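**Q** the sequence and its predicted three-dimensional model are supplied below.
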Amino acid sequence: MAAPKKLYIKTYGCQMNVYDSERMAEAMGSAGYVETEDPAEADMILLNTCHIREKAAEKVYSELGRFRALKDEKPDLKIGVAGCVAQAEGAEIMRRQPLVDLVVGPQSYHRLPQMEAQVRAGQKALDTDFPLEDKFDTLRHRPKARRGPTAFLTVQEGCDKFCAFCVVPYTRGAEVSRPAARVLEEARDLVERGVREITLLGQNVNAYHGAGAGGDWSLARLIWALSDIDGLERIRFTTSHPNDMDDDLIAAHGACAKLMPYLHLPVQSGSDRILKRMNRKHTAEGYLRLIERIRAARPDILISGDFIVGFPEETEADFQATLDLIEAVGYGQAFSFKYSTRPGTPAAERPQVAEAVKSERLHRLQALITRQQRAVQETMVGRTVGVLFERPGRMPGQMVGKSDHLHAVHVTGSGLGVGDLARVEIVESGPNSLGGRIVAA
């Protein structure tokens, strides 16, 4: 019997890319591949790329250049580029890097086995279409392997918002929601394989409107249906848009025991002038009132956000408005970035803020966010929270997991293992994690 071929996948970017990479590995399993963590022993290398960050395409070309020596040593090695850079760059990738054998967009990766056969026959393969068939349906029936205690599950893709800084509508396409029955089927399958926590994914996940019994389901209705699955203990979702945070979803945060008290709700800026220039279609005041309603439903909820610093034409007053909003919200976590131009987006053509100004503003914003994160962590000391343990820690007998609020928590001498869920009293707060002791398994 021939030895299985080996597949190395390097994943960049968001959680959805992590999910996509898992599906790619499953698809390639039908072509006789098993995954490896060592590119030097791979028969095929796939880079699953992200186009959101600065100079994303150039970083991909740089990574490809590092594989040239491997290709020289193993002429039969096949190299592919997948994901959003593949969608945006298309045939240009093959032109600039002839060592690339295949390029596949994020909506076409279910066709990888056919593309692999094509490249094994000596041809190049390019597929950046938005196919009519459901890629998720194509990938549903794969060999089942045991999973860790947490998993991502994509329920919605694409975006219709067209924020002025973002390429997602062009690389992922229009908003599409998966049918509720298929989401529930995949969730049950994950639970059967050992998963206890599922994070629902989408570019605008709270815009979910999948077909279900009685008509289109909202995200709130989907969450309630998921909460009925025995063995599924925790539900999360990301990433959300303020304009899609409806009353039912807010109410679910207060009433659904399995929906965790953590919400990632990007605002990007605290300046109404900049929000309008970003085409966000909400105001800073509207966002703050929304946060108030969410906290009224779930007082202990931890709020996370995204911020873009130095958006074109941002003034010091605009930036100060962002700092004021951050002060008002009190974030438990946040992600912040300097604005970088994405070719083809409206913001790329506007007057840009000087790089030194962006850097200085980012430093100030991150210092404020860090203070808030640490303050929120300090408030956890003395509280008892649920923790799902995901891996052994660095110290003997130590286990590490995530709290209800998504804080990293470590305990020692617990006697618990991976996948166990326990009540933990938080006894200390460190720079990046909390320390606790088991109260009850």
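**A** Received, thanks. If you're wondering where the values come from, they're calculated on a predicted model, not measured in any experiment. Numbering: from 1, shown residues only.
**Q** could you check the longest helix seen in the chain and say which residues are buried?
**A** For the chain, the longest helix by residue count, based on DSSP state H, is helix 355-380. Buried residues in helix 355-380, counted by 16 or more other CB atoms under 10 Å: 357-358, 361-362, 365, 368-369, 372-373, 376-377, 380. Heads up, the C-betas are built off the backbone N, CA and C, glycines and all.
**Q** what's the answer for stretch 102-120, then?
**A** Neighbour-count burial for stretch 102-120 flags 102-112, 115-116, 118-120 (criterion: 16+ other CB under 10 Å).
**Q** other SSEs contacting the longest helix of the chain?
**A** strand 302-309, helix 316-329, strand 333-338, strand 421-429 (3 or more CB pairs under 8 Å, 6 or more residues apart in numbering; DSSP states H and E).
**Q** next SSE after that helix?
**A** The helix or strand immediately downstream of helix 355-380 is strand 384-392, counting by DSSP states H and E.
**Q** right, and the helix or strand after that following strand?
**A** Note on strand 384-392: by DSSP H and E, the next helix or strand toward the C-terminus is strand 398-403.
**Q** for the closest residue to residue 272 other than its chain neighbours, grab phi and psi.
**A** With CB to CB, 6 or more residues apart in numbering as the criterion, residue 272 has its nearest non-adjacent residue at 5.1 Å, and that residue is residue 283. Backbone torsions for residue 283, taken as degrees, to the nearest 10, come to phi -110, psi 170.
**Q** quick one: the strands in the stretch 1-150 of the chain, in order.
**A** If DSSP state E, counting those that start in this stretch is used as the criterion, the strands of the stretch 1-150 of the chain fall at 5-11, 33-35, 44-49, 78-83, 102-104, 125-127, 150-154.
**Q** as TSV, these with mean pLDDT and distance to residue 219 would be great.
**A** Output for the strands of the stretch 1-150 of the chain, formatted as TSV (pLDDT from 0 to 100; distance: least, CB to CB, whole Å):
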stretch	mean pLDDT	distance to residue 219
strand 5-11	93	25
strand 33-35	93	32
strand 44-49	92	26
strand 78-83	92	25
strand 102-104	93	29
strand 125-127	89	30
strand 150-154	94	12
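**Q** what's the closest of the ones you listed to residue 184?
**A** Closest approach to residue 184 among the strands of the stretch 1-150 of the chain is made by strand 150-154 (10.1 Å; CB to CB).
**Q** contacts made by that closest one with the rest, please.
**A** 15-16, 18-20, 22, 136, 178, 183, 186-187, 190, 195-202, 388, 390, 402 (CB atoms under 8 Å, 6 or more residues apart in numbering).
**Q** report the buried members of those residues.
**A** 16, 18-20, 22, 136, 178, 183, 186-187, 190, 195-202, 388, 390, 402.
**Q** any low-confidence regions in this structure?
**A** The model of the chain has pLDDT under 70 over residues 1-2, 52-56, 130-145.
**Q** returning to that earlier point: what is the burial count for the residue nearest to residue 272?
**A** Look at residue 283: counted by other CB atoms under 10 Å, it has 15 neighbours.
**Q** among the contacts of strand 150-154, name the ones in helices.
**A** Checking these against DSSP H, those in helices are 15-16, 18-20, 22, 136, 183, 186-187, 190.
**Q** list the contacts of the closest residue to residue 266 other than its chain neighbours.
**A** Distances taken as CB to CB, 6+ apart put residue 306 closest to residue 266, at 3.5 Å, once the chain neighbours are dropped. By CB under 8 Å, 6+ apart, residue 306 lies in contact with 239, 264, 266-268, 334-337.
**Q** got it, and residue 273?
**A** Contacts of residue 273 (CB under 8 Å, 6+ apart): residue 318.
**Q** let's go with 10 Å and repeat that
**A** Shown in contact with residue 273 (CB atoms under 10 Å, 6 or more residues apart in numbering): 313-315, 317-318, 321.
**Q** need phi/psi at it.
**A** Dihedral angles (degrees, to the nearest 10) for residue 273: phi -60, psi -40.
**Q** since that was my last question, I'll sign off now.
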